[in-house]
Every structure is written in structure tokens, then in C-alpha cells.
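Undergrad: Predicted model and sequence below, questions to follow.
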Number of protein chains: 2
Amino acid sequence: MSETPPHRKRDASATTEAILTAAREVFTEKGYDGAGTREIAERAQVNVALISRYFGSKEGLFAAAVPPMMTLDAVLAGDMAGFGTRLAASLTHKTARKGFDPMLALLRAASSPEAVPVLRQALQAQVLHPLADRLEGPATLERAALIGALVVGFDLLTRVLGLTATGADAMDALEQTLAKSVQALVDQR
Amino acid sequence: MSETPPHRKRDASATTEAILTAAREVFTEKGYDGAGTREIAERAQVNVALISRYFGSKEGLFAAAVPPMMTLDAVLAGDMAGFGTRLAASLTHKTARKGFDPMLALLRAASSPEAVPVLRQALQAQVLHPLADRLEGPATLERAALIGALVVGFDLLTRVLGLTATGADAMDALEQTLAKSVQALVDQR
DNA sequence: GTCTATATAATGATAGAC
DNA sequence: GTCTATCATTATATAGAC
């Protein structure tokens, strides 16, 4: 053997994957502005220059990392009669999920002009339209948007701003009321 | 007269007011991270150094400028039977309000750690609690929080991310559905 | 009370060696 | 395919003259 110290793997796809994974985590925690390319590279155990190499720019990295992961498939699976309950449970039972969280990433990037266009497009195509397609009756897109608003606002208040329900029964009341509001939007016609 | 060229007024209170007004506008437009002290000073027609002089830091300026203005008084005035309608109208009829907008400022600062504590406190004390006090029945604070989530989420989707309802009748449907959802949370018991 | 000038630190991006 | 080194820009904050 000869010399080959500094890097673990000479594989472009493994490198890009490591960058994407790290980027998703850091964007989730710090938002678009707060996430630095150096920190992302460090977490990926990769040289900073490779971010520009493979993704062109921080903006390109964000677009490749976050929007493709935005989906509602998990809660859309199942009958729509139980949608409100499922959705409310998924929002209140977020058991300190660490790592990537598309919703947090969206909330913490929404104030950055570079991120807004791709976020809007992904939200439309991958969340609101699929949800609207599962609704019956009039104004399905508008009702889907209001369900989206409820979800987004709930997460903003509780997980970004850190508002807390005081006590376990308050949490129950919150979850039930949320489920009811969502289901009312689903059942409306 | 002798020499006195570069500044219009030698008055601390006028200067701090000019800074506060400019800061509110810039924070609204650009968010906490995006707003630069230079830009704020320029818009206030004031020297940059005076921001540190009077507010200590950018964080101090934000705390002095935005949170004290967060209030729900305008829509809380009136009987609660019409609250949903009033609130929905105030959200959808935002006729391109220019200048300071507390809700936009909140949304665009929520991803910045320096802004979160003061935003949470102001939201609790000046918005959610006053609203909860006007509600009757059980779990008033939780229902107030969900109304807040709906409002915050709605503005995030429409004004920060720029989702648009397609057509005037779609806007009507949106407004009516929103009013209905809010009022259901008010009337619940 | 306000100014200029600067200290200090961080950023995103790139050129070119290996 | 990956590295080091650096460029260029920008940011907040402060010291000290006026």
C-alpha cells in the first residue's frame, strides 16, 4: 500500500448522502440562515469545499435535502374518518424525535427568501394537493390549506416557540380539540 | 450661529423612536436574521452606533421594538359570537398592509434563538391569555392556543410562503371555512 | 448626543495542489 | 475525489473624537 490518509471513502454517492443527511439535521435544528456550511460539512465528516462541488451552493443543498422529503403519506394512509385523530396524535406525540424533521425544517427556513420558492412548491405538490384529493365535497383545496395551517401553526407554537401545555390532562384536551377541529374540516360539505 | 451640520435633531427620544419605527419595518420584511443594523439605521436616518448606544444590541432592539406591539385587542373588541367572522376577515383582507406587521415579524423571527424567548412570553401574556379569558367552557387556554395556531399557520402559508387562493370565490370559501373553524373553537364546551 | 473608524468574527464560495 | 488556503463580503459591536 502507498499513502491514503485523510478520507474514509472515495465514493461520490456516499459523500453526497452524508452531506444530505447532515444538512437535513442542521437545517432542522438551526434553520436556513442559522445553518452554516462548515457545520454541515463537519457533521458529515466531509470537507467544506465538497458542498459547493456537489450542490453548487447552500441554496442548492437545501433544495436537494429538504423539499423532496416533505410528505403526508404516513397520516394519509388509512380511512379519512380517523384522519383527525391520527393527525392530532402524530403532532402531540412527537416524542423528541431527533435528527431530521421536515416540518421543523420548513418552519425554520420559511423566513429565508432563498428557501421560500422550493418550500411553497413542495408543500403544494406533495402535501396540500394529495390531501385535497382525499377530501370530498366543495372547496377541497381550501379545506386542505386550512388543515395545513392548523398543523403548521401548531408545530410553530409548540416546537419552535416552545409553548407548553401545563399538565397531562391539558395535553389530552389539546389533542382531542385538535383532532375535532381537523376532522370537522375533513367532514365538511 | 456656529457649526452644526450632520444631524437633524439632538433629541434622544426622537432618535429612539425613529430607530424603533425603522426596526419594526425591517424586522417585518426581512426577519430577525435578515435584518441588518446598518439597514435599520439607514432607514431611521440615524447613525449605526446609536443602536448599540440606546438598545445595547440587535437583540435588545428587537425585544424593545416587536413584542410590546403584539396584541389581539382589535379583534377581541366586540361580542364573541362574531369573533370567527371578524378574525377571518382580518386575516384574508390584509390589503397589502405596508410597514410594521406584528404577525409577520413574529413569523420571520421565530427561527432565531435570540428572538424566541421574548416572542413566546409576549404571545402568552398579550395574545393567548387575553383570548382565553374571553372564552367560556373547559380548556379555554388550549382552545385559545388552537385558534392561535390557526391564525399563525394561515399567515405563514399565505403571506410568508405565498400560497394563493385561485380566484375570488375560492377566497370567499377560504374565509368562510376559516371563520367557521375559529367559531367552532370559540363555541365549544 | 452623534459621529468616524475600526476591531473582530463569521459567512459562502472558489482556485488550485494532491 | 478530496484537500488546503484564501478571497471577498458581511455582520455586530465598540473606542474614542467631536
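TA: Yep, it's here. In this text, all values refer to a predicted model and were calculated from it rather than measured experimentally.
Undergrad: For stretch A:37-53, what is the spacing between the initial and final residues?
TA: 12 Å (C-alpha to C-alpha, to the nearest Å).
Undergrad: for residue A:104, what are its contacts?
TA: Going by C-beta atoms under 8 Å, 6 or more residues apart in numbering or on different chains, residue A:104 touches A:28, A:29, A:155, A:159, A:160. Backbone N, C-alpha and C define where each C-beta goes, glycine included.
Undergrad: From those, pick the one nearest DNA strand C.
TA: Lowest distance from DNA strand C to these (C-beta to the nearest atom of the strand) belongs to residue A:29, with 13.0 Å.
Undergrad: could you check whether whatever helix or strand that closest one lives in is close to DNA strand C?
TA: Assessed by DSSP states H and E, residue A:29 sits inside helix A:12-34. No. Using C-beta under 7 Å from any atom of the strand, helix A:12-34 never reaches DNA strand C; the gap is at least 7.6 Å.
Undergrad: try stretch A:46-58
TA: Yes. Stretch A:46-58 reaches DNA strand C (C-beta under 7 Å from any atom of the strand) through A:48, A:49, A:51, A:52, A:56, A:57, A:58.
Undergrad: Now for the nearest residue to residue A:48 once chain neighbours are set aside: which residues touch it?
TA: Closest residue to residue A:48 in three dimensions, ignoring its sequence neighbours and counting by C-beta to C-beta, 6 or more residues apart in numbering or on different chains: residue A:41, at 4.2 Å. Shown in contact with residue A:41 (C-beta under 8 Å, 6+ apart): A:19, A:22, A:47, A:48, A:50, A:51.
Undergrad: do residue A:64 as well
TA: A:20, A:55.
Undergrad: thinking again about what came up before, just the buried ones out of the contacts of residue A:41, please.
TA: Burial by neighbour count, 16 or more other C-beta atoms under 10 Å in any protein chain shown: within the contacts of residue A:41 this picks out A:19, A:22, A:50, A:51.
Undergrad: Keep only these that also lie close to DNA strand D.
TA: Okay, of the buried ones among the contacts of residue A:41 touching DNA strand D (C-beta under 7 Å from any atom of the strand), that's residue A:50.
Undergrad: The buried ones among the contacts of residue A:41 into JSON lines, with extra columns for distance to residue A:142 and pLDDT?
TA: Putting these into JSON lines (distance: C-beta to C-beta, whole Å; pLDDT from 0 to 100) gives the following:
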{"residue": "A:19", "distance to residue A:142": "38", "pLDDT": "98"}
{"residue": "A:22", "distance to residue A:142": "38", "pLDDT": "98"}
{"residue": "A:50", "distance to residue A:142": "44", "pLDDT": "98"}
{"residue": "A:51", "distance to residue A:142": "40", "pLDDT": "98"}
